[in-house]
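>>> My questions concern the predicted model and sequence given below.
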Amino acid sequence: MYTLELTLRSTPFPISIQKKNYDDISRIYEEIKNAMEGNASSPLIHLNCEKMNSKSIAVLYKEIIAVQIYEKSAIAGGSKRPGFSLDV
């Protein structure tokens, strides 16, 4: 399971969605990244979560200040630590 996490301006908590397929989450990541560079045809992005089908959100691109992808690991029942780490 892959998680895409958005950090929004003036919001202390991130927004996240989960997808099973890396290609799906990567496509959304690229779309958001391009929009943050000013190449969006619409000011909104609509996101849906595969893990929780009822979880859906629309976000203004101009409010996104960071986006990241990380993989939820089955090892030890936890998840891979988001962000960048020196741990191997």
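Great, that's in hand. Numbering: from 1, shown residues only.

>>> Who does the residue nearest in space to the middle of the chain form a beta bridge with?
Centroid check for the chain by Cα atoms, centre = their mean gives Leu4 as the closest residue, at 2.2 Å. Leu4 forms beta bridges with Ile17, Ile69, as assigned by DSSP bridges.

>>> what residues are up against it?
Ser16, Ile17, Gln18, Lys19, Ile25, Ile28, Tyr29, Leu47, Val67, Gln68, Ile69 (Cβ atoms under 8 Å, 6 or more residues apart in numbering). Just so you know, the C-beta spots here come from the backbone N, C-alpha and C atoms, and that holds for glycine as well.

>>> Sort out which of the residues you listed are buried, if you could.
With burial judged by 16 or more other Cβ atoms under 10 Å, the buried subset of the contacts of Leu4 is Ser16, Ile17, Gln18, Lys19, Ile25, Ile28, Tyr29, Leu47, Val67.

>>> picking that back up, what about the residue nearest to the centre of the chain, distance to Lys33?
Look at Leu4 and Lys33: by Cβ to Cβ, to the nearest Å, they are 11 Å apart.

>>> Which neighbours do those two have in common?
Val67.

>>> buried stuff in the helix or strand Ile57 falls within?
In this assignment (DSSP states H and E), Ile57 forms part of strand 56-60. Of the residues in strand 56-60, Val59 count as buried by neighbour count, 16+ other Cβ under 10 Å.

>>> what sits opposite Ile45 in the beta ladder?
Ile45 has the following beta-bridge partners by DSSP bridges: Val59.
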